[in-house]
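Peer 1: can't give you the sequence, but here's the structure:
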């Protein structure tokens, strides 16, 4: 089994959309990442009635990585809803807030591979998604 299949299976276990409370909906987008040391961490989205309180699956996975291992560097990440990512399904791409968070977490994350299409194993990098990132000059 290749790394993408392993990440897919780990993330898929988190997929179980449900209301947590009348105000919180969760587990409808899932993510798994491989940290620099090869360990895998997962996350799921948490959506609230107030958008500023939302947490995307990618950020939850990255926070799980940091909290549980102290690591900040991500080798690769997969994100999806009910099925593996395809080029036609844009929910597999990190939102702007996630892109920014991952870059701020570790500048080396610019090399993070983000799976675009599971069947084709097509990837992009964080750097390709946010070229000329403002923080490079700091």
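Peer 2: That came in fine, so what should we check first? Note that the coordinates shown come from a computational prediction; the quantities given were computed from them, not determined experimentally. Numbers count the residues shown, from 1 in each chain.
Peer 1: which elements pack onto the lengthiest strand in the chain?
Peer 2: Using DSSP state E to define each element, the chain has its longest strand at strand 24-35. Counting contacts by 3 or more Cβ pairs under 8 Å, 6 or more residues apart in numbering; DSSP states H and E, strand 24-35 packs against helix 3-12, strand 18-19, strand 40-48, helix 57-69, strand 74-80. C-beta here means a position set from N, CA and C on the backbone, and glycine is covered the same way.
Peer 1: state the phi and psi torsions of residue 88.
Peer 2: With angles defined as degrees, to the nearest 10, residue 88 sits at phi -80, psi -20.
Peer 1: so that it lines up with my notes, have the first residue be 44 from now on.
Peer 2: Sounds good: first residue 44 from here, last item residue 131.
Peer 1: residue contacts, the nearest residue to residue 151 once chain neighbours are set aside?
Peer 2: Nearest residue to residue 151, sequence neighbours excluded (Cβ to Cβ, 6 or more residues apart in numbering): residue 116, at 5.0 Å. Counting by Cβ atoms under 8 Å, 6 or more residues apart in numbering, residue 116 touches 78-79, 149, 151-152.
Peer 1: compile the helices and strands packed on strand 67-78 into JSON lines and extend it with columns for mean neighbour count, distance to residue 179 and mean pLDDT.
Peer 2: Formatted as JSON lines, the helices and strands packed on strand 67-78 follow (neighbours: other Cβ atoms under 10 Å; distance: least, Cβ to Cβ, whole Å; pLDDT from 0 to 100):
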{"stretch": "helix 46-55", "mean neighbour count": "18", "distance to residue 179": "28", "mean pLDDT": "98"}
{"stretch": "strand 61-62", "mean neighbour count": "9", "distance to residue 179": "40", "mean pLDDT": "97"}
{"stretch": "strand 83-91", "mean neighbour count": "20", "distance to residue 179": "26", "mean pLDDT": "97"}
{"stretch": "helix 100-112", "mean neighbour count": "20", "distance to residue 179": "20", "mean pLDDT": "98"}
{"stretch": "strand 117-123", "mean neighbour count": "24", "distance to residue 179": "18", "mean pLDDT": "97"}
